[in-house]
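Chemist: no FASTA, just this:
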């Protein structure tokens, strides 16, 4: 079950481990005020820590370990949470993963298991580790406890900012938006919820229009956190119930939003983390909650954003 | 008077207006943990907002306005505070001030008065405005109410982090360090207080060694917020009483610390804002409170830091 109670309970469990990120306000032209939630300031640089701790704090003390497959922020989140909770962790990664991501995961004490990047070996290998060692799988988004953890960000934002007209968050697997949607509509039912996807990663937008989950080719957007081919089985019905619409952003718009964040918010955002900001800047009206999901950006993209910030 | 009571009282007055910046933790090699206070996340991108609100919230309702002279973060702070408190503000700036700084000050509704950059016309003009219009002068650092406001940052850090062994903050006029020093030593007397100055802006270090205020030539460091020629008359005795030592940083070290912050903390810092981090990284031992004072960086320096972050 994903409801206000499970989200509030997740918040109590994760409080000792995550940063209560601040509310940052930014006034735009006219009557527009951005109410920003910078999850890029979490210790691993992304909101994913909330979901990982939410699920892993429910595991029994005797749990031998956890297993996850990810090449991105979820890997870091599970590794960091396992270390904090005194658990073992195995992270299955494609063999072509960026060295820095592998090193950061290992620095948190996790065992990294490399597999062939092509095909579905990642999932099968993670399942095998679960079977053989009794490790519990921590899914990146498609689980009520994970989504409840991500929803705690919206709860905090609402408390700090009071109600707002509109809320923007990026959609990858949908765990973040599902958790935030349930929290927001429980307490502020009038909030218009706007999902954001990259232009070529529009699986949720297509699926919502079709009324069922659709699958798209692997997106090539610079937003590596949003390269998803289909919505989650658990998260999709939640999004169907709550979302007003999904807006698309181009790579150019994300880079410009990253530059805006560097200059005006003094924040480093990754493209996925700037996607919601890009749409909020484009629409620019009313009091808008904006979830900035992460700040783990490739160095070349950070340089490009810094160049744009100088213009 | 500058003591724990006046700092606690300042905190109550400024609470509605400033961001309670989060505690960010970063583990370094071995036993070193950085406990970071990112004042770069204040709405104007610097801690100066605390001091301005601290003093200006004590002014009587009938006060016709405030006046300040500054070309940096203090100008922004006074302009922003005046708008929030419904006061008029006149800011005296040198005619060669960066256009963006002038525009941002004017965007907050302040009247900008330009004067000859050479000589001491800035102070005389500000005094004249005070005399002619009855505007109250808001000094950038050399006033107990201003220093008390800056000290609220250390109070918050101590509450969030618990006691720590060492505290690093930059020293320009000394208001920030004076306020923080009094707050920290009132509640955690064992804290070693380390001031940080640019290598060629070592007026406080020289003055402490001499036992009296000394004046140096105008520093040319890239840390424009730390180009100070002599310590404050009010702040210097406070620093004399509390500081363990002052460490110096080069432009290179500040740029490297800015790169570290971009990559590992996802924060944009200006050189002054990264100075304390540079020394903490160099010394790297124990639990260290580190005040990151601001993030209003020149675009060219941000680009340089982003390049270094890619190495």
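Modeler: The structure has been received and is ready for your questions. Everything quoted here is computed from the prediction, not taken from an experiment.
Chemist: just the helices in chain A please.
Modeler: Taking DSSP state H as the test, the helices found in chain A are A:4-14, A:48-56, A:73-85, A:99-107, A:121-133, A:144-161, A:175-187, A:203-210, A:235-242, A:251-260, A:271-283, A:299-309.
Chemist: and of those, who's closest to chain B?
Modeler: helix A:299-309 (3.3 Å; Cβ to the nearest Cβ). Placement of C-beta: from N, CA and C, glycine included.
Chemist: quick one: contacts for the closest residue in space to residue A:140 that isn't next to it in sequence?
Modeler: In this structure, residue A:140 finds its nearest non-sequential neighbour in residue A:74, 4.2 Å apart by Cβ to Cβ, 6 or more residues apart in numbering or on different chains. With contact set as Cβ atoms under 8 Å, 6 or more residues apart in numbering or on different chains, residue A:74 has these partners: A:48, A:52, A:68, A:140.
Chemist: Read off the pLDDT value for the first one.
Modeler: When you say that, I think you mean residue A:48. pLDDT, residue A:48: 97.
Chemist: same deal with the last one?
Modeler: With respect to pLDDT, residue A:140 has a value of 95.
Chemist: what sits against it?
Modeler: Here residue A:140 is in contact with A:48, A:51, A:68, A:70, A:74, A:146, A:173, A:175 (criterion: Cβ under 8 Å, 6+ apart).
Chemist: these two touch, right, the second one and residue A:144?
Modeler: Okay, so that is residue A:51. No - using Cβ atoms under 8 Å, residue A:51 is not in contact with residue A:144, being 10.5 Å away.
Chemist: With neighbour numbers in mind, choose between the two.
Modeler: residue A:51 (32 against 22; other Cβ atoms under 10 Å in any protein chain shown).
Chemist: distance of that one from residue B:285?
Modeler: 34 Å (Cβ to Cβ, to the nearest Å).
Chemist: for residue A:223, same thing?
Modeler: Using Cβ to Cβ, residue A:223 is found at 39 Å from residue B:285.
Chemist: Which residues of the stretch 1-150 of chain A lie near chain B?
Modeler: Residues of the stretch 1-150 of chain A found near chain B (Cβ under 8 Å from any Cβ of the partner chain) are A:19-26, A:38, A:40-41, A:43, A:45.
Chemist: Would you format the residues you listed as CSV with neighbour count and pLDDT included?
Modeler: What follows is the residues of the stretch 1-150 of chain A next to chain B, written out as CSV (neighbours: other Cβ atoms under 10 Å in any protein chain shown; pLDDT from 0 to 100):
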residue, neighbour count, pLDDT
A:19, 17, 97
A:20, 17, 96
A:21, 24, 98
A:22, 19, 97
A:23, 19, 98
A:24, 23, 98
A:25, 14, 96
A:26, 19, 96
A:38, 29, 98
A:40, 27, 98
A:41, 26, 98
A:43, 18, 94
A:45, 27, 96
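Chemist: Next step: those residues restricted to strands.
Modeler: A:24-26, A:38 (DSSP state E).
Chemist: which of the contacts of residue A:74 tops the neighbour count?
Modeler: Neighbour max across the contacts of residue A:74 (other Cβ under 10 Å) = residue A:52, 34 neighbours.
Chemist: Looks like it contacts residue A:78 (just checking).
Modeler: Yes - with contact defined as Cβ under 8 Å, residue A:52 reaches residue A:78; the gap is 5.0 Å.
Chemist: Pretty sure residue A:161 sits against residue A:35.
Modeler: Yes - using Cβ under 8 Å, residue A:161 makes contact with residue A:35 at a distance of 4.3 Å.
Chemist: Find the residues that touch each one of these two.
Modeler: Common neighbours of residue A:161 and residue A:35 (criterion: Cβ under 8 Å, 6+ apart): A:23, A:25, A:287, A:289.
Chemist: which ones are touching the last one?
Modeler: This means residue A:289. Applying Cβ under 8 Å, 6+ apart to residue A:289 gives the contacts A:35, A:37, A:154, A:157-158, A:161, A:164, A:166-168, A:184, A:191.
Chemist: Likewise for the first one?
Modeler: By Cβ under 8 Å, 6+ apart, the contact set of residue A:23 is A:35-37, A:157, A:160-161, B:19.
Chemist: And these, which is closest to residue B:227?
Modeler: Checking these against residue B:227 with Cβ to Cβ, the nearest one is residue B:19 at 26.3 Å.
Chemist: min pLDDT across the contacts of residue A:140, which one?
Modeler: residue A:70 (88).
Chemist: contacting residues around it?
Modeler: Here residue A:70 is in contact with A:78, A:91-93, A:140 (Cβ under 8 Å, 6+ apart).
Chemist: Most neighbours among the residues you listed, which one?
Modeler: The member of these surrounded by the most neighbours (other Cβ under 10 Å) is residue A:78, with 33 neighbours in all.
Chemist: what residues does the one helix or strand in chain A whose mean pLDDT sits lowest touch?
Modeler: When each helix and strand of chain A is scored by mean pLDDT, DSSP states H and E, helix A:99-107 comes last, with a mean of 88. Contacting residues not belonging to helix A:99-107 are listed as A:71-72, A:75-76, A:79, A:91, A:93, A:112 [Cβ under 8 Å, 6+ apart].
Chemist: just to revisit the earlier point, among the contacts of residue A:70, which ones are in strands?
Modeler: Per DSSP E, these map to strands at A:91-93.
Chemist: Out of the residues you listed, the closest to chain B would be?
Modeler: Chain B lies nearest to residue A:91 out of the ones in strands among the contacts of residue A:70, by Cβ to the nearest Cβ, at 19.3 Å.
Chemist: State whether the closest one and residue A:69 are indeed in contact, as I suppose.
Modeler: Yes - judged on Cβ under 8 Å, residue A:91 makes contact with residue A:69 at a distance of 7.2 Å.
Chemist: Can you report phi and psi for residue A:28?
Modeler: Dihedral pair for residue A:28: phi -100, psi -180, per degrees, to the nearest 10.
Chemist: quick one: the nearest residue to it once chain neighbours are set aside from chain B, how far?
Modeler: Leaving aside its sequence neighbours, residue A:28 sits nearest to residue A:284 (Cβ to Cβ, 6+ apart; 5.3 Å). As judged by Cβ to the nearest Cβ, to the nearest Å, residue A:284 and chain B stand 16 Å apart.
Chemist: which residues touch residue A:284?
Modeler: Per Cβ under 8 Å, 6+ apart, neighbours of residue A:284: A:28-30, A:32.
Chemist: ok so, going back, would you list the ones in strands among the contacts of residue A:70 in a markdown table and tack on distance to residue B:62 and pLDDT?
Modeler: Listed next are those as a markdown table, based on distance: Cβ to Cβ, whole Å; pLDDT from 0 to 100:
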| residue | distance to residue B:62 | pLDDT |
| --- | --- | --- |
| A:91 | 64 | 96 |
| A:92 | 69 | 95 |
| A:93 | 66 | 93 |
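Chemist: Sounds good, over and out.
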